[in-house]
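**Q** Give me a 3D structure for the following:
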Amino acid sequence: SGEFLEAAVVAGLTSAGINVYRVGVLPTPAIAHLVAESMCDLGVMISASHNAMPDNGIKLFARGGGKLDDAIEARIEARMGEEWKRPTGRGVGRAINDDTATERYLKHLLASVETPLKGLKIVVDCANGASSFVAPEAYRRAGAEVIAIFNQPNGWNINDDCGSTHLHQLRSAVLKEGADVGIAHDGDADRCLAIDAAGNEIDGDHILTILARGFKARGKLNKNTVVGTVMSNLGFMHAMRESGIDVVTTPVGDRYVLENMIANDYSLGGEQSGHVIMRDLANTGDGVLTALQLLQEVVLTRKTLQELAASMVRFPQILINVKDVNKALLNESAVIAAAVKSAQERLGDSGRVLLRASGTEALVRVMVEAASDNLAEEIARSLADVVKAELG
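**A** You can find the predicted model right below:
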């Protein structure tokens, strides 16, 4: 659906007197960068992100490359369908093909690489998405030996049993090829997850740990602080404390991470899902940029990715979605509050409990981290039963 959505967006904008630059198939963070570089007033990304092919949508970027805030998006939605006088003749906007966009984005990516990646053998899973050309090309130009998989997009196969939401394909390829690192992107390449040479998953918390330690060592970690979310693993918190790095947490969502970073002038933040923001390098999360920085840490430290990731020991984490409940009453139930308090006292410093209402569905998410899978599972299911009984 990308092509007809693009045609509709271009038609709508030009009919309103706006000039539009068509840049073709590029990752979402490329649009954010190009909006800022070209001093455009708006960026439009047509993308299913990490979702299945039918779930296509539109992301909007403001002047400067940041995401539009909620208030502005609400004002736009309120005016949809409104009748108003449109320009004619010379007042109509133009649609211009920009054939330089891909190369300009690659130049931006490679400017972040201070040390060549020579000697590294990597496999990159492009999720049959927007990074299918850009990601392998960036890693090759940076000096790595690159094997690309799921880099043949046809409009139907994006995120289909591949990419950052299906890491088993990448794991198999890394082990088969004897690669040093596997990199996984989602469909629009604003995320990055990894696989080490032994086949272990390296999630966003691991990546953030590695980058935070590296940034601190080279004096690039503003205010000695990294921004995470309420879903950041307890192991990440412990690793940062052991490294002498402060952590600030926000609600889930890269938008909230970025807002906090901007407000407090922090340089590094991210999510367990693989959204990582490095404000000195970009104004949004960029999966390819993140991978380049992660690979640089491997080269600079002369350690394997497995060795670097060992600085964070991940706590077992269980997440249960309690469906068909009145989520609005979550914070009003004394019974639920007492159950959470009891669970947290049982876990002590070796675990934590988080209950939060979904922003889009009639459900409550119960998350428990503990020293063992069995304990996390036991407590999570007990709390889920309480939530269902109280709010169902």
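**Q** Just give the number of residues close to Thr360.
**A** Neighbours of Thr360 under the rule other CB atoms under 10 Å: 5. In short, each C-beta sits where N, CA and C put it, glycine included.
**Q** now swap in Gly17 and tell me
**A** When neighbours are defined as other CB under 10 Å, Gly17 has 14 of them.
**Q** all helices of the stretch 51-200 of the chain, in order?
**A** Along the stretch 51-200 of the chain, counting by DSSP state H, counting those that start in this stretch, helices occupy 70-79, 101-110, 134-141, 168-177.
**Q** Pipe the ones you listed into JSON lines and attach distance to Glu332 per row.
**A** Listed next are these as JSON lines, based on distance: least, CB to CB, whole Å:
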{"stretch": "helix 70-79", "distance to Glu332": "25"}
{"stretch": "helix 101-110", "distance to Glu332": "48"}
{"stretch": "helix 134-141", "distance to Glu332": "47"}
{"stretch": "helix 168-177", "distance to Glu332": "42"}
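**Q** So which of those is the most surrounded?
**A** Mean neighbour count (mean count of other CB atoms under 10 Å) peaks for helix 134-141 among the helices of the stretch 51-200 of the chain, with a mean of 21.
**Q** now the angle from that one to helix 101-110?
**A** Between helix 134-141 and helix 101-110, the angle comes out at 50 degrees (axes from the mean of the first three to the mean of the last three CA atoms, to 10 degrees).
**Q** For helix 134-141, what is the distance to the chain centroid?
**A** What separates the centre of helix 134-141 from the centre of its chain is 19 Å, taken as CA atoms, centre = their mean, to the nearest Å.
**Q** what's next to that helix, contact-wise?
**A** Applying CB atoms under 8 Å, 6 or more residues apart in numbering, the external contacts of helix 134-141 come out as 26-27, 30, 102, 105-106, 109-110, 117, 122, 124, 126, 146, 148, 151, 183, 185, 189, 287-288, 291-292, 295.
**Q** Show the average pLDDT along it.
**A** The average pLDDT for helix 134-141 rounds to 98.
**Q** With stretch 243-259 instead?
**A** The pLDDT scores in stretch 243-259 average 94.
**Q** That one: end-to-end distance?
**A** Stretch 243-259 has an end-to-end distance of 25 Å (CA to CA, to the nearest Å).
**Q** picking that back up, right, and the helices of the stretch 51-200 of the chain - which one's nearest Asn264?
**A** Asn264 lies closest, by CB to CB, to one member of the helices of the stretch 51-200 of the chain: helix 70-79, at 19.8 Å.
**Q** thinking again about what came up before, I'd like to know which of the helices of the stretch 51-200 of the chain lies nearest to Glu3.
**A** helix 101-110 (17.1 Å).
**Q** Show me how far the closest one is from its chain's centre.
**A** 20 Å.
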